[in-house]
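Undergrad: Could you look at this predicted model? Sequence included:
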Amino acid sequence: MRKLGNGHSLAFFSSHEVHQQIVQLKRNVHHIEVVDILRWVYKNTIQSTWNGLHHWATQSLSFQRKLAAFQEIQWSDQEQVFNNEMMKRLARDSLEAEILDLSDMHGKRKVPAMLYDIHSARYDATAYDITGHIRDNVLQRLRNYGGKKTRLAQLLDEEQERELEQELEEQRQSKRLPSVEPCEPILHEIVKQLCDKNSPMINLEDHPSVFQRLPFAFINTTLEHECQPKSWYANLWISTEFQRVIATENVSLNPFLRPPRWIVVYRNQQIIFVSPDEANWLFGRLSQIDSPITTLRLFLPRIKRVQSIFVNRLTLTVPPSINVSDESEIYLIPLDRLVQLLLFNGTLYFDNIEEQTMFCQCLSLCPKVRNEIEEKAFQSHKIDIDGFVHCEHRDELHMTHARFNDNPIEFVKRILRIRNNFHSTTTSHVASIIFNAFKLL
């Protein structure tokens with residue numbers, strides 16, 4: 001640390017959870033600096049100290065129980081006799097009860113209270129002798145460092161507290177999913193024929209019971225009427241098995257929207273999302289084929305920076321798209337199609353500026369930061385406050401890849417929340433564009 005500034009640098013590596021906590025403490029959404037890390041360390045230290053106070057005070061009660069149990073022993077008397085009754089009483093008084101009545105554990109209503117009040121009441125409720133100076137020191141430290149922050153407490157200890165486990169501070173009400181019956185997976189014969197490179201190419205439109213356009217994935221969800229079905233490219237498909245998740249009828253499929261993870265690129269033309277069961281069978285079959293004209297690919301959402309989504313990694317396709325004699329057999333998903341796939345799977349971050357630009361063009365969005373021409377258009381009310389550009393002004397702003405005629409902002413917000421199972425913060429590339437109309441790259 002003393003050498004910093006003399007040609008040395010210091011790198012911090014953190015988990016995704018820590019990274020999100022650091023970002024949430026920032027006043028802006030630009031690059032993380034040293035002061036942001038120090039701010040997180042400061043706040044985390046405060047929280048850890050406050051949490052530790054409760055467990056430290058709880059341990060003091062356990063320690064004083066043992067002191068009280070051993071007070072009959074005269075440590076300076078070398079001739080003291082330890083009879084069986086004394087040893088049984090020593091063991092009984094030292095150990096905490098292994099069985100608690102439910103009325104003792106849950107009979108008292110939990111109420112928020114300060115740490116000092118919680119442990120002061122526990123000291124008053126103890127049935128064994130308390131060491132005065134230990135009690136005074138513990139309560140004084142709780143008064144000094146506990147502050148006025150409260151936690152849920154009741155007079156009697158619970159098993160979790162005796163084991164010094166973290167206790168849930170907030171009672172979060174979560175809506176449980178309804179009880180439903182899962183669909184039995186079906187492997188259609190026409191899906192197996194996707195692997196046959198010698199047969200004529202299958203016209204997917206001729207098999208509507210097996211293949212549907214990508215917007216069919218939103219059937220029976222709140223996204224069904226918001227996804228603007230005609231806005232998606234015609235060569236983006238799903239298998240009907242991908243859409244089938246539950247057999248129970250008259251239930252919203254929002255919580256059961258299948259994560260898109262496996263793609264079949266059929267004859268380097270059609271892009272098909274398949275279910276895990278279909279992908280499992282196709283993996284075994286395609287791995288035995290040399291020609292990569294039809295490939296199975298893993299497709300991940302980019303939920304953190306500098307993360308690979310794998311779909312265009314030629315070494316990771318099945319079969320691999322490397323060392324082929326005919327380069328026409330190699331297929332990379334074009335950027336205009338790729339951004340729609342990224343939208344579909346709830347991606348939060350972009351790999352580069354080109355990806356971000358195509359994403360905005362696809363949604364017909366012109367967020368800040370804008371160039372001079374775009375800023376004049378915004379001042380002339382040709383760009384909405386959320387960045388959406390209507391059809392009549394797109395040529396003027398050179399938006400040649402716009403796919404959505406109506407404003408898709410609410411649709412994108414919903415799909416981000418469903419895919420990521422949380423309300424997206426504005427710290428990610430996509431969420432910043434959708435919620436703040438601001439580009440981070």
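TA: Cool, got the structure. Numbers count the residues shown, from 1 in each chain.

Undergrad: what stretches of this structure score poorly on pLDDT?
TA: Judged by pLDDT under 70, the chain has its weakly predicted residues at 1-7, 9, 12, 27-30, 75-76, 97-110, 152-176, 422-425.

Undergrad: could you redo the last one with a cut-off of 50?
TA: Where the chain drops to pLDDT under 50, the residues are 155-174.

Undergrad: domain assignment for it?
TA: As assigned by automatic domain parsing, the chain contains the domains 1-69+89-95+103-169, 181-333, 339-441.

Undergrad: what would the ones you listed look like in TSV with mean neighbour count?
TA: The way it works is simple: take the backbone N, C-alpha and C, and place the C-beta from them, glycine included. Converted to TSV, the domains of the chain look like this (neighbours: other Cβ atoms under 10 Å):
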stretch	mean neighbour count
domain 1-69+89-95+103-169	13
domain 181-333	16
domain 339-441	18
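
Undergrad: Out of those domains, flag the one nearest Gln80.
TA: Comparison of the domains of the chain against Gln80 by Cβ to Cβ identifies domain 1-69+89-95+103-169 as nearest, at 12.6 Å.

Undergrad: Show me the helices in the stretch 251-400 of the chain, by range?
TA: Ranges of helices in the stretch 251-400 of the chain, per DSSP state H, counting those that start in this stretch, are 276-286, 335-344, 353-363, 372-379.

Undergrad: now those helices in a markdown table, with distance to Asp395?
TA: As requested, the helices of the stretch 251-400 of the chain are arranged in a markdown table below (distance: least, Cβ to Cβ, whole Å):
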| stretch | distance to Asp395 |
| --- | --- |
| helix 276-286 | 41 |
| helix 335-344 | 18 |
| helix 353-363 | 13 |
| helix 372-379 | 12 |
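
Undergrad: looking at those, which is closest to Leu214?
TA: helix 335-344 (6.7 Å).

Undergrad: Also compute the angle for the closest one relative to helix 353-363, please.
TA: Helix 335-344 runs at 80 degrees relative to helix 353-363, counting by axes from the mean of the first three to the mean of the last three Cα atoms, to 10 degrees.

Undergrad: Tell me the gap between stretch 231-245 and the middle of its chain.
TA: Distance, stretch centre to chain centre, for stretch 231-245: 24 Å (Cα atoms, centre = their mean, to the nearest Å).

Undergrad: could you dump it to PDB, C-alpha only?
TA: This file holds the C-alpha atoms of stretch 231-245, laid out as PDB (Å, rounded to 0.1, in the frame of the first residue of the first chain):
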ATOM      1  CA  SER A 231     -42.000  -6.600 -34.700                       C
ATOM      2  CA  TRP A 232     -39.900  -9.800 -34.300                       C
ATOM      3  CA  TYR A 233     -37.800 -11.200 -37.200                       C
ATOM      4  CA  ALA A 234     -39.500 -14.000 -39.100                       C
ATOM      5  CA  ASN A 235     -36.600 -16.500 -38.700                       C
ATOM      6  CA  LEU A 236     -36.900 -16.400 -34.900                       C
ATOM      7  CA  TRP A 237     -38.900 -19.500 -33.600                       C
ATOM      8  CA  ILE A 238     -39.700 -21.500 -30.600                       C
ATOM      9  CA  SER A 239     -40.800 -25.100 -30.300                       C
ATOM     10  CA  THR A 240     -44.200 -25.600 -28.800                       C
ATOM     11  CA  GLU A 241     -42.500 -27.700 -26.100                       C
ATOM     12  CA  PHE A 242     -40.500 -24.600 -25.100                       C
ATOM     13  CA  GLN A 243     -43.700 -22.800 -24.500                       C
ATOM     14  CA  ARG A 244     -45.500 -25.700 -22.700                       C
ATOM     15  CA  VAL A 245     -44.500 -25.700 -19.000                       C
END
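
Undergrad: any idea how far Gln212 lies from Glu355?
TA: The gap separating Gln212 from Glu355 is 27 Å, by Cβ to Cβ, to the nearest Å.

Undergrad: same check, this time on Ala113
TA: Distance from Ala113 to Glu355, by Cβ to Cβ: 51 Å.

Undergrad: Over to Arg89?
TA: Distance of Arg89 to Glu355, computed by Cβ to Cβ: 73 Å.

Undergrad: hey, where'd the helices end up in the stretch 1-150 of the chain?
TA: With DSSP H, counting those that start in this stretch, the ranges of helices along the stretch 1-150 of the chain come out as 16-24, 34-69, 84-94, 102-106, 115-125, 132-145.

Undergrad: Between these, which one is closest to Leu316.
TA: Leu316 sits nearest to helix 16-24 of all these, at 22.1 Å, using Cβ to Cβ.

Undergrad: what inclination does the closest one have with respect to helix 34-69?
TA: If you take the same axes, to 10 degrees, helix 16-24 sits at 120 degrees to helix 34-69.

Undergrad: Please tell me I have it right and Pro399 contacts Ser364.
TA: For the record, residue 399 is Met, not Pro. Yes: with contact defined as Cβ atoms under 8 Å, Met399 counts as touching Ser364 (6.1 Å).

Undergrad: Give the residues shared as contacts by those two.
TA: Applying Cβ atoms under 8 Å, 6 or more residues apart in numbering, one finds that Met399 and Ser364 are jointly contacted by Val389.

Undergrad: thinking again about what came up before, can you lay out the domains of the chain as JSON lines showing distance to Glu79?
TA: Compiled in JSON lines, the domains of the chain are given as follows (distance: least, Cβ to Cβ, whole Å):
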{"stretch": "domain 1-69+89-95+103-169", "distance to Glu79": "18"}
{"stretch": "domain 181-333", "distance to Glu79": "69"}
{"stretch": "domain 339-441", "distance to Glu79": "69"}
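
Undergrad: Out of these, which gets nearest to Asp77?
TA: With Cβ to Cβ as the criterion, Asp77 lies closest to domain 1-69+89-95+103-169 of the domains of the chain, at 15.7 Å.

Undergrad: Give me the distance from the closest one to the chain's centre.
TA: Computed by Cα atoms, centre = their mean, the chain-centroid distance of domain 1-69+89-95+103-169 equals 26 Å.
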